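# Below: sequence and its predicted model.
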Amino acid sequence: LTKHLARSIGLPVTPGAVYVAEADTAEAPPFPGPYFVKPRFGANSEGVGPESAATGWNSARDRIVSLLRSGEEALVEPLIPGHDLTIPVLAGHPDVYLPTIRFDSELPFGIATEDQKRLKAGGRRSHVVEDPGISTRVAELARLFVRHVRPFDYLRVDFRVDDRTGEMTLLEFN
């Protein structure tokens, strides 16, 4: 729903395909690989690891089937090698946009796992973004989104940045 809302208001989002049964894997998603395969539901990168990166459809299908057989539906998105940005927002009149934070993972493609996010594993670093151009862009995109998710007291808006192109896409909000 987050991505549908974001797309409807003009925010950049990645396409996705949902797989709920093994028969669904007869067709690849309607976008080219490489692919990122993760459980459809969950939070904090639950079920995400290096095996989530699939360079081709055959390896993506194998990961989807593994998730389905474990009782999880699968979400497949384009694999974007890069890093994540998040901006916390405090509701108010006006809202307060806290500094943008950048997260980098040492895992292939910059994938962040649940264990990294919960600080149970290393290999993930964060720092405040000092570049005013990036911070301004993140705040502008978040501002567009925040208008449509009221009421709230606090939220974070997360983005993925493609290290090859610099393109920023909305991941989610919490």
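In hand now; what should we look at?

# could you say what helices and strands the helix or strand containing R143 packs with?
Element membership for R143 (DSSP states H and E) is helix 132-146. Helix 132-146 is packed against strand 82-90, strand 96-97, strand 154-162, strand 168-173, with contacts defined by 3 or more C-beta pairs under 8 Å, 6 or more residues apart in numbering; DSSP states H and E. Heads up, the C-betas are built off the backbone N, CA and C, glycines and all.

# who does the second one touch, helix- and strand-wise?
Packed against strand 96-97 by the contact rule (3+ C-beta pairs under 8 Å, 6+ apart) you find strand 82-90, helix 132-146.

# winner for burial among the ones you listed?
Among the helices and strands packed on strand 96-97, strand 82-90 has the highest mean neighbour count (mean count of other C-beta atoms under 10 Å), at a mean of 20.

# partners of that one in the sheet?
Applying DSSP bridges, strand 82-90 is found paired with strand 96-97 (antiparallel), strand 101-105 (antiparallel), strand 154-162 (antiparallel).

# any idea which of those strands is most buried?
Most buried among the strands paired with strand 82-90, given mean count of other C-beta under 10 Å as the contact rule, is strand 154-162, at a mean of 19.

# returning to what we had before: closest one to L11 among the helices and strands packed on strand 96-97?
helix 132-146 (6.0 Å; C-beta to C-beta).

# Got phi/psi on the residue nearest to F109 when sequence neighbours are not counted?
Of all residues not flanking F109 in the chain, P81 sits nearest, at 4.3 Å (C-beta to C-beta, 6 or more residues apart in numbering). Dihedral pair for P81: phi -70, psi 120, per degrees, to the nearest 10.

# helices and strands of the protein: which one bottoms out on pLDDT?
For the chain, using mean pLDDT, DSSP states H and E, the weakest element among its helices and strands is helix 114-117, scoring a mean of 89.

# among the strands paired with strand 82-90, which is nearest E51?
Taking those one by one with C-beta to C-beta, strand 101-105 is closest: 14.6 Å.

# how much space between N44 and G123?
Separation of N44 from G123 (C-beta to C-beta, to the nearest Å): 16 Å.
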